[in-house]
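Peer 1: One predicted model, sequence on top.
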Number of protein chains: 2
Amino acid sequence: MNNDEGQNGSGLLSGTVSYGLKRAYRRVIRDLEEALRPHDFTPPLLAALSIVEANPGIAPAHLAEAMGHGRSRAAPLLDRLEAKGLLERRDGADRRSLGLHPTPEGVAMLQRLRPLLQAHEGRITAGLGAAEARGLAALLERVAPGG
Amino acid sequence: MNNDEGQNGSGLLSGTVSYGLKRAYRRVIRDLEEALRPHDFTPPLLAALSIVEANPGIAPAHLAEAMGHGRSRAAPLLDRLEAKGLLERRDGADRRSLGLHPTPEGVAMLQRLRPLLQAHEGRITAGLGAAEARGLAALLERVAPGG
DNA sequence: TATTGTTATACTCTATAACTATA
DNA sequence: TATAGTTATAGAGTATAACAATA
């Protein structure tokens, strides 16, 4: 390799919160994908199932909103979770709306994933002290509220 | 909408640095895409051009490394920047390697984008004080070093 | 007319592997 | 044989628009 010139950072972007978030997120998503892969799971699947478990009976549109995207994104995610037997679409308040519920298998899956996620969180915050990690989480909550 | 049940957060993911980073990043990428769209620019294009300007003569493989992905990702990015007349692929040290340089138009584009990026950064950190924003940037640098 | 869930479609980002030309 | 740049390919995530059923 031997790049004699070295690297002078990213110019305009260097040191900004915006670029720092981008770089940190990439670390997160890669580490998490790798951790979930042996369980045939992905980060969006995990987020969806986790939100449904915390909000049983939630409608697809509200799930999508909680995940920060449009209604149409929910359907394929729910298809995959339902095909795995982890989640059910039941009748909702309306006859046009649905209530989402985790199956016992879905709950068990989340239980099984918990230590894996703690290890993931540990790797991401490995360079920080416990108080710093809490402080970072609090700052992030203020950058993007509603987590 | 009127979701009477309310929302109980994201279960397993609530309050973690990992999920906070994901949510904050989504805010960043959307705001930045929207800010760049009128200039027919995208975040990856901006990152690449910015890095090339800060490291003139850098090779495609090193650019890709600085952006955190594989070699093959550089080519289409460079194609687009070259087609816009913002960047040149010149001969490098080897006859098999290239040196990347911004054109005067590329430098001018970055100048034009600078206030736009400052406004973007301001929106992202709007909920934080100046010292908090600096602290956040420093924590992020420790989560994902090399920015 | 508005809303819910869904489908269709397209586009970007990304990763892997294979190809070429140099070394 | 190893490396640099590129091409080909495929897959995931996302956004928009349009549709059918229901309100």
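Peer 2: Yes, it's here.

Peer 1: Can you point out the helix or strand that includes A:Ala133?
Peer 2: Using DSSP states H and E, A:Ala133 maps to helix A:130-143.

Peer 1: That helix and chain B in contact?
Peer 2: Yes: applying CB under 8 Å from any CB of the partner chain, one finds helix A:130-143 touching chain B at A:132-133, A:135-137, A:139-143. To be clear about C-beta, it is placed using only N, CA and C from the backbone, and glycine gets the same treatment.

Peer 1: Let's have these in JSON lines, adding neighbour count and pLDDT.
Peer 2: Converted to JSON lines, the residues of helix A:130-143 next to chain B look like this (neighbours: other CB atoms under 10 Å in any protein chain shown; pLDDT from 0 to 100):
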{"residue": "A:Glu132", "neighbour count": "17", "pLDDT": "98"}
{"residue": "A:Ala133", "neighbour count": "20", "pLDDT": "98"}
{"residue": "A:Gly135", "neighbour count": "17", "pLDDT": "98"}
{"residue": "A:Leu136", "neighbour count": "23", "pLDDT": "98"}
{"residue": "A:Ala137", "neighbour count": "20", "pLDDT": "97"}
{"residue": "A:Leu139", "neighbour count": "22", "pLDDT": "97"}
{"residue": "A:Leu140", "neighbour count": "27", "pLDDT": "97"}
{"residue": "A:Glu141", "neighbour count": "18", "pLDDT": "95"}
{"residue": "A:Arg142", "neighbour count": "15", "pLDDT": "96"}
{"residue": "A:Val143", "neighbour count": "23", "pLDDT": "96"}
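
Peer 1: Just name the closest of the residues you listed to chain B, please.
Peer 2: Lowest distance from chain B to the residues of helix A:130-143 next to chain B (CB to the nearest CB) belongs to A:Leu140, with 3.2 Å.

Peer 1: Would you mind measuring from that closest one to A:Pro38?
Peer 2: 28 Å (CB to CB, to the nearest Å).

Peer 1: go on, A:Leu13?
Peer 2: Separation of A:Leu13 from A:Pro38 (CB to CB) stands at 34 Å.

Peer 1: who's more crowded, the two?
Peer 2: Neighbours were counted for A:Leu13 and for A:Pro38 using other CB atoms under 10 Å in any protein chain shown; A:Leu13 has more, 21 against 8.

Peer 1: Need the pLDDT of the more buried one.
Peer 2: At A:Leu13, the model reports a pLDDT of 91.

Peer 1: Give me the distance between it and A:Ala48.
Peer 2: For A:Leu13, the distance to A:Ala48 - CB to CB - is 32 Å.

Peer 1: Likewise for A:Val143?
Peer 2: 22 Å.

Peer 1: Please, which helix or strand holds the most centrally placed residue in chain A?
Peer 2: By CA atoms, centre = their mean, chain A has its centre lying nearest to A:Ala47, at 4.4 Å. Assigned by DSSP H and E, A:Ala47 belongs to helix A:43-54.
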